[in-house]
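Asker: generate coordinates for the sequence data below:
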Amino acid sequence: MKVVLLKAVSKLGRRGEIKTVADGFFRNFLYPRTLAVVATPGRVAQAEDRKVRATANMEQVRKNAAEIAKKLSEATVTVSGKATPKGKLYASITMADVLKAVEEQLKIKLSEGSLLSHDNIKTIGRTMVPVQLSEEVKSHIAVEVAASKK
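Answerer: Okay, the predicted model is just below:
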């Protein structure tokens, strides 16, 4: 039986894809959970149209992500914190602090999940933080941690 997926289904496919599945799998699992519908000619045409628009949209997202990645890789963000004379911070710099600094200094808003590092910064100096802007586009941010004057 041919079906059009309404939502992503693990080990089967993504939303909008046309798949061939067993009748019982459709009747007992996919249809009751509104994960798929029978692939009529109209629904197939809708799915293909949606796929064309999604491809064009993904290309625009990829292009924007590449521009942002270039800006991020060329820039340095400065974050300060209270530190000991040996250069160890009293309170570590979190990724939320880095996101806030990027937004304030570079005027680029990133989502929390875009920073790939989960480690807090605990020393003064320069650190590279990896960033994933889209599925294919990855970059990094140079974070300069300085001791605050107070």
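
Asker: quick check: which element contains the residue lying farthest from the centre of the chain?
Answerer: Largest separation from the mean C-alpha position in the chain: Pro85, at 37.8 Å (CA atoms, centre = their mean). Using DSSP states H and E, Pro85 maps to neither a helix nor a strand.

Asker: again, but for Val37
Answerer: Following DSSP H and E, the helix or strand that holds Val37 is strand 36-38.

Asker: for that strand, name the packing helices and strands.
Answerer: Strand 36-38 sits against strand 2-5, with contacts defined as 3 or more CB pairs under 8 Å, 6 or more residues apart in numbering; DSSP states H and E. Where you see a C-beta, it was placed from the backbone N, CA and C, and this is true even at glycine.

Asker: now the element after the strand it packs on, going C-ward?
Answerer: Next along the chain after strand 2-5, taking DSSP H and E as the criterion, comes strand 18-20.

Asker: and the residue farthest from the centre of the chain, its phi and psi?
Answerer: Main-chain dihedrals, Pro85, degrees, to the nearest 10: phi -60, psi -20.
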